[in-house]
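1. fold the stuff below for me.
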Amino acid sequence: MGRNGGARLELTWIGKNDRPRLEPRILIEDAEKSYHATAKREADIFDNMLVQGDNLLALKALESDYAGKVKCVYIDPPFNTKQAFENYDDGLEHSLWLSLMRDRIRIIHRLLSAAGSLFIHIDDNELGYLIALTDEIFGRSNRVSVITFKQSSASGPKAINPGIVTTNNYILYYVKDKSAWKPNRVYVKSERDDRYTKFIENISDDYGEWSIVGLREAFLAWSGLSTWKAARQHYSDKLEEALSSFVLNNADRVIRTARVAPKDVNENAREALAKSLGDTRRVYRSERAEKEDYYFINGEQLIFYKQKTKEVDGELTTASPLTNLWDDLLSNNLHAEGGVSFPNGKKPEALIKRCLELSTERGDLVLDSFAGSGTTGAVAHKMGRRWIMIELGPHAVSHVIPRLRAVVDGDDRSGVTEATGWQGGGGFRFYHLAPSLLEKDKWGNWVIAKAYNAAMLAEAMCRHMGFTYEPSQDVAEYWKHGHSSERDFIFVTTASLTHDQLKAISHDVRPDRTLLICCKAFNARLDDFENLTVTKIPHAILNRCEWGRDDYSLEIADLPPRALDRGNGDGNDNGHALNGRKRGRGKAADGQPTLFGEGEA
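-> All right, here's what the predicted structure looks like:
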């Protein structure tokens with residue numbers, strides 16, 4: 001980053017201003033891989049989407065239908081580890097990784113609703129740069145938190161490495177517009193608070209007659225034991241567990257007292273507080289409307305343990321508000337989750353659940369464009385959220401589909417199944433990206449790809465021309481393939497249209513409506529038809545996109561090898577892909593640099 005005169009701070013890198021001209025592909029459903037539960041229930045969700053294909057092209061394909069509709073995005077992108085690039089120019093590979101992320105995050109920003117949230121899982125190698133990059137797109141003011149996620153303990157082989165042992169990853173938490181953002185309050189389980197050492201024996205009596213004893217004394221009376229030593233012997237290493245259970249079951253009777261100044265309570269409570277001074281036997285109360293009453297004894301306030309309890313995952317527990325340190329969701333021992341083995345990058349279902357608890361409600365739409373083993377979709381499904389996942393690799397079929405089928409069938413009992421009460425249902429549709437719309441013929445001319453039938457062509461042209469694809473079911477409205485408004489439509493055909501044919505179409509459309517016709521060729525005086533605009537395919541779209549490119553991922557083979565020292569061998573591992581995944585080559589969207597902290601999208 002640097003300062004250029006009076007300009008704002010900007011993160012720059014090699015090739016930042018080079019941006020891809022993405023083709024807005026259509027999605028083709030593979031019905032054999034789609035899957036639905038046999039029984040349909042009212043609340044079940046069946047229109048979830050699993051998309052196999054390059055994730056940048058897939059995000060672009062979603063944009064026309066889902067811009068502004070996604071409530072939460074969680075992504076776990078490939079980490080830019082230095083080990084993978086040890087024989088290559090570090091500055092160039094770093095720039096390519098930044099472009100990969102920039103291009104994808106910009107589309108994600110457009111897909112999110114105004115109140116939508118983005119969670120990016122990353123390690124410390126790119127953390128600082130990714131913050132600066134995402135600040136540019138979302139705006140620094142819309143950065144909610146940098147969450148530290150403890151994913152392992154300081155043990156095993158890593159513990160013998162020199163220097164500091166790395167146990168943490170990070171999650172960047174952004175929202176599209178903080179003014180529209182309404183976060184959910186999330187609590188996590190915590191240890192018993194041992195400051196609560198007192199117990200009200202006769203809670204059902206008038207508060208002025210309450211008898212307050214020690215917590216241990218009350219526990220011994222309940223357990224039928226005479227001494228604390230006897231309790232230790234009886235419960236052995238389960239004593240704390242038994243005491244914690246007793247406290248939770250009597251949370252309205254377990255208390256602590258705390259000094260309180262008159263200025264810290266309302267005017268009505270000050271009189272009760274003053275009366276309690278010096279009185280060690282009697283409890284005084286001050287009633288409050290729509291809030292818990294104040295109770296005082298001997299100049300101190302009674303604080304009840306029930307204020308420390310919440311229901312977390314269906315269980316009443318001691319709980320505390322969620323912080324930006326998540327150290328209770330270790331990623332080890334995840335091999336059995338979802339019934340799939342995915343040793344590199346698999347995340348705990350509880351982690352995704354927490355992100356969705358913070359940012360979504362039932363029925364909201366969740367997106368993960370780096371699906372991996374399918375954890376995000378599995379958790380979203382169990383939580384009653386709609387979901388879209390994108391994955392390029394073959395494990396979209398070999399791993400993700402079997403995992404999601406087990407969720408739909410209710411056979412997956414791992415992960416957050418019990419916590420969410422999931423019993424099966426719903427379904428998903430499997431899609432792949434259509435091939436590029438244009439291909440070259442044997443003479444080198446761009447023509448409509450042979451794989452496209454009439455319906456595919458009409459849908460693709462709607463995307464290119466900014467129309468919503470919605471063909472009319474009325475035979476008389478054969479010309480209505482899509483619309484941009486209530487009176488503006490599009491008609492796509494591979495026919496060559498004559499003047500008389502256009503005259504007939506113009507008559508059918510009527511003078512009060514307009515129609516864009518995309519055809520192979522035409523021979524007519526267009527000035528004769530005020531309600532028609534006619535353009536040729538592929539001429540109308542030829543210069544809009546990069547045609548025939550199916551892969552915007554970055555492979556190390558793309559990078560020039562670094563000059564090698566003598567005796568090191570050739571060191572050129574051209575077949576190696578980052579972290580077992582390909583990396584995005586990133587170029588950019590509008591050719592203009594974005595400014596640090598301004599959130600331009």
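2. from here on, just use CA atoms for contacts and neighbour counts.
-> Noted.
3. name the residues of the lengthiest helix in the chain that are buried.
-> Using DSSP state H to define each element, the chain has its longest helix at helix 90-111. Residues 93-111 are the ones in helix 90-111 that count as buried (16 or more other CA atoms under 10 Å).
4. and stretch 26-33, by the same measure?
-> Neighbour-count burial for stretch 26-33 flags I26, L27, E29 (criterion: 16+ other CA under 10 Å).
5. can I get these in a markdown table with secondary structure?
-> Listed next are the buried residues of stretch 26-33 as a markdown table, based on DSSP: H, G, I helix; E, B strand; the rest coil:
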| residue | secondary structure |
| --- | --- |
| I26 | coil |
| L27 | strand |
| E29 | strand |
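6. just checking, what packs against the longest helix of the chain?
-> If contacts are counted by 3 or more CA pairs under 8 Å, 6 or more residues apart in numbering; DSSP states H and E, helix 90-111 sits against helix 55-66, helix 127-138, strand 583-584.
7. can you redo the ones you listed as TSV with distance to T468?
-> As requested, these are exported to TSV (distance: least, CA to CA, whole Å):
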stretch	distance to T468
helix 55-66	8
helix 127-138	27
strand 583-584	29
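8. just the ones you listed: most buried one?
-> A comparison of the helices and strands packed on helix 90-111 by mean neighbour count, using mean count of other CA atoms under 10 Å, puts strand 583-584 on top with a mean of 24.
9. residues near the residue nearest to F246 when sequence neighbours are not counted, how many?
-> Excluding the flanking residues, the one nearest F246 by CA to CA, 6 or more residues apart in numbering is F219, at 7.2 Å. F219: 18 surrounding residues under other CA atoms under 10 Å.
10. thinking again about what came up before, nearest to S117, out of the helices and strands packed on helix 90-111?
-> Proximity to S117 (CA to CA) singles out helix 127-138 among the helices and strands packed on helix 90-111, at 10.5 Å.
11. ok, then the element right after the closest one?
-> strand 143-150 (DSSP states H and E).
12. pLDDT averaged over that next one, what's the number?
-> Average pLDDT, strand 143-150: 95.
13. and that strand, what's buried?
-> Buried residues in strand 143-150, counted by 16+ other CA under 10 Å: R143, V146, I147, T148, F149, K150.
14. so where's this protein uncertain?
-> Where the chain drops to pLDDT under 70, the residues are 1-8, 80-92, 156-161, 330-336, 338-346, 554-601.
15. let's see stretch 111-119 as CSV, backbone CA atoms only.
-> Output in CSV follows, covering the C-alpha atoms of stretch 111-119 (Å, rounded to 0.1, in the frame of the first residue of the first chain):
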residue,chain,number,x,y,z
LEU,A,111,-25.0,-11.5,-4.9
LEU,A,112,-25.4,-10.6,-1.2
SER,A,113,-28.6,-8.9,0.0
ALA,A,114,-28.3,-5.6,1.8
ALA,A,115,-28.3,-7.4,5.1
GLY,A,116,-26.1,-10.2,3.9
SER,A,117,-22.9,-11.5,5.6
LEU,A,118,-19.6,-12.8,4.2
PHE,A,119,-17.3,-15.2,6.2
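16. what's in contact with that stretch?
-> Residues from elsewhere that reach stretch 111-119 (CA atoms under 8 Å, 6 or more residues apart in numbering): 63, 66-75, 171-178, 180-182, 355, 359.
17. can you give me how far it is from the chain middle?
-> Here the centre of stretch 111-119 is set off from its chain's centre by 9 Å, with CA atoms, centre = their mean, to the nearest Å.
18. can you mark which positions in that stretch are buried?
-> When burial is assessed from 16+ other CA under 10 Å, stretch 111-119 yields the following buried residues: L111, L112, S113, A114, A115, G116, S117, L118, F119.
19. skipping adjacent residues, who's closest to the first one in space?
-> Yep, that's L111 we're talking about. Distance criterion CA to CA, 6+ apart; nearest residue to L111, sequence neighbours excluded, is A67 at 4.0 Å.
20. biggest separation within the buried residues of stretch 111-119, which pair?
-> A114 and F119 (15.2 Å).
21. so what's the residue nearest to G278 when sequence neighbours are not counted up against?
-> Excluding the flanking residues, the one nearest G278 by CA to CA, 6+ apart is N298, at 5.0 Å. Shown in contact with N298 (CA under 8 Å, 6+ apart): S276, L277, G278, D279, T280, R281.
22. now swap in A458 and tell me
-> Neighbour list for A458: Y469, H481, F491, V492, T493 [criterion: CA under 8 Å, 6+ apart].
23. wait, Y173 touches I147, no?
-> Yes - judged on CA atoms under 8 Å, Y173 makes contact with I147 at a distance of 7.4 Å.
24. list the contacts for Y174?
-> Counting by CA under 8 Å, 6+ apart, Y174 touches S117, L118, F119, F138, N142, R143, V144, S145.
25. one step back: ok, the residue nearest to F246 to D264 distance?
-> Remark: distance between F219 and D264 (CA to CA, to the nearest Å) = 33 Å.
26. who are the packing partners of the helix or strand containing S244?
-> For S244, the enclosing helix or strand under DSSP H and E is helix 239-249. Packed against helix 239-249 by the contact rule (3+ CA pairs under 8 Å, 6+ apart) you find helix 228-235, strand 315-321.
27. looking at these, which is nearest to E290?
-> Among those, the nearest to E290 by CA to CA is strand 315-321 (22.0 Å).
28. what comes up buried for that closest one?
-> Residues T317, T318, A319 are the ones in strand 315-321 that count as buried (16+ other CA under 10 Å).
29. same check, this time on stretch 535-542
-> Buried residues in stretch 535-542, defined by neighbour count with 16+ other CA under 10 Å: T535, K536, I537, P538.
30. residues making contact with it?
-> Stretch 535-542 is contacted by residues 438, 446-448, 464, 494, 516-522 when judged by CA under 8 Å, 6+ apart.
31. kindly recompute the last result at 6 Å.
-> C518, C519, K520, A521 (CA atoms under 6 Å, 6 or more residues apart in numbering).
32. can I get these in a markdown table with distance to P394, secondary structure and neighbour count?
-> Converted to a markdown table, the contacts of stretch 535-542 look like this (distance: CA to CA, whole Å; DSSP: H, G, I helix; E, B strand; the rest coil; neighbours: other CA atoms under 10 Å):
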| residue | distance to P394 | secondary structure | neighbour count |
| --- | --- | --- | --- |
| C518 | 36 | strand | 25 |
| C519 | 37 | strand | 20 |
| K520 | 37 | coil | 18 |
| A521 | 41 | strand | 18 |
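33. possible to save the residues you listed as a markdown table with distance to D551?
-> As requested, the contacts of stretch 535-542 are exported to a markdown table (distance: CA to CA, whole Å):
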| residue | distance to D551 |
| --- | --- |
| C518 | 28 |
| C519 | 29 |
| K520 | 29 |
| A521 | 32 |
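34. of those residues, closest to I303?
-> C518 (73.4 Å).
35. which ones are touching the closest one?
-> Shown in contact with C518 (CA under 6 Å, 6+ apart): V492, T535, K536.
36. list the contacts of the first one.
-> Applying CA under 6 Å, 6+ apart, we find V492 in contact with A458, I517, C518.
37. if you set the cut-off to 8 Å instead, what comes out?
-> By CA under 8 Å, 6+ apart, V492 lies in contact with L457, A458, M461, W479, H481, I517, C518, C519.
38. restricted to helices, list those.
-> Among the contacts of V492, the ones falling in helices (DSSP H) are L457, A458, M461.
39. any chance of TSV for those residues, columns distance to H399?
-> Shown next, in TSV, are those (distance: CA to CA, whole Å):
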residue	distance to H399
L457	32
A458	34
M461	34
